[in-house]
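> Please work out how this folds:
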Amino acid sequence: MTALATSTSTPVGTPAAPPRARSGVGRRVAVGVLAVLLLAALWELVKLVVPDTGGHLLGASVLPRTDDVAMPHVWTIGQRMLEPETSAVGSPTVLSAMLQAFSTISETVEPMMATQILDSRERSN
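Take a look at the predicted model:
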């Protein structure tokens with residue numbers, strides 16, 4: 001028997017199976033995490049290379065100050081996000097306040113986007 005006769009490929013004229021659908025959510029999350037890590041590394045690199053007083057050229061400031069007040073380390077920012085907003089007992093952390101704000105924004109933006117999509121579909125018909 002020849003290799004052609006024992007082939008398991010689909011006959012000519014038969015449509016090929018559609019490519020396997022892949023969820024892009026995992027890839028998007030990975031790209032987002034990598035982007036944040038890259039930004040943090042760039043932040044720390046600037047903090048390492050640029051002097052605390054910043055860079056000046058002919059009396060004009062061309063690079064930002066990088067002292068700990070103007071540009072804190074990434075881990076300091078992370079620690080501050082986990083601290084309470086105020087000294088009151090039971091005060092939420094800054095991170096929880098940021099997440100609540102994001103939730104509110106997304107609840108506002110999603111219906112607006114849906115309305116725009118539906119309007120654009122109606123106009124195209």
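> by contact count, what packs against the strand or helix carrying residue 31?
Assessed by DSSP states H and E, residue 31 sits inside helix 25-49. Other elements packing on helix 25-49 under the criterion 3 or more C-beta pairs under 8 Å, 6 or more residues apart in numbering; DSSP states H and E are helix 74-82. Placement of C-beta: from N, CA and C, glycine included.
> Show me the domain layout of this structure.
Residue ranges for the domains of the chain, per automatic domain parsing: 29-82, 92-125.
> what's near enough to touch residue 40?
residue 74 (C-beta atoms under 8 Å, 6 or more residues apart in numbering).
> Residue ranges in this protein under the pLDDT threshold?
1-23, 125 (pLDDT under 70).
> Identify the residue nearest the geometric centre of it.
residue 32 (3.6 Å; C-alpha atoms, centre = their mean).
> What's the separation between that one and residue 38?
In this view, residue 32 and residue 38 are 11 Å apart by C-beta to C-beta, to the nearest Å.
> Kindly report the same for residue 70.
22 Å.
> Only the buried residues of stretch 118-125, if you could.
The neighbour-count check on stretch 118-125 (16 or more other C-beta atoms under 10 Å) flags nothing as buried.
> Could you do stretch 101-112 as well?
Buried residues in stretch 101-112, counted by 16+ other C-beta under 10 Å: none are found.
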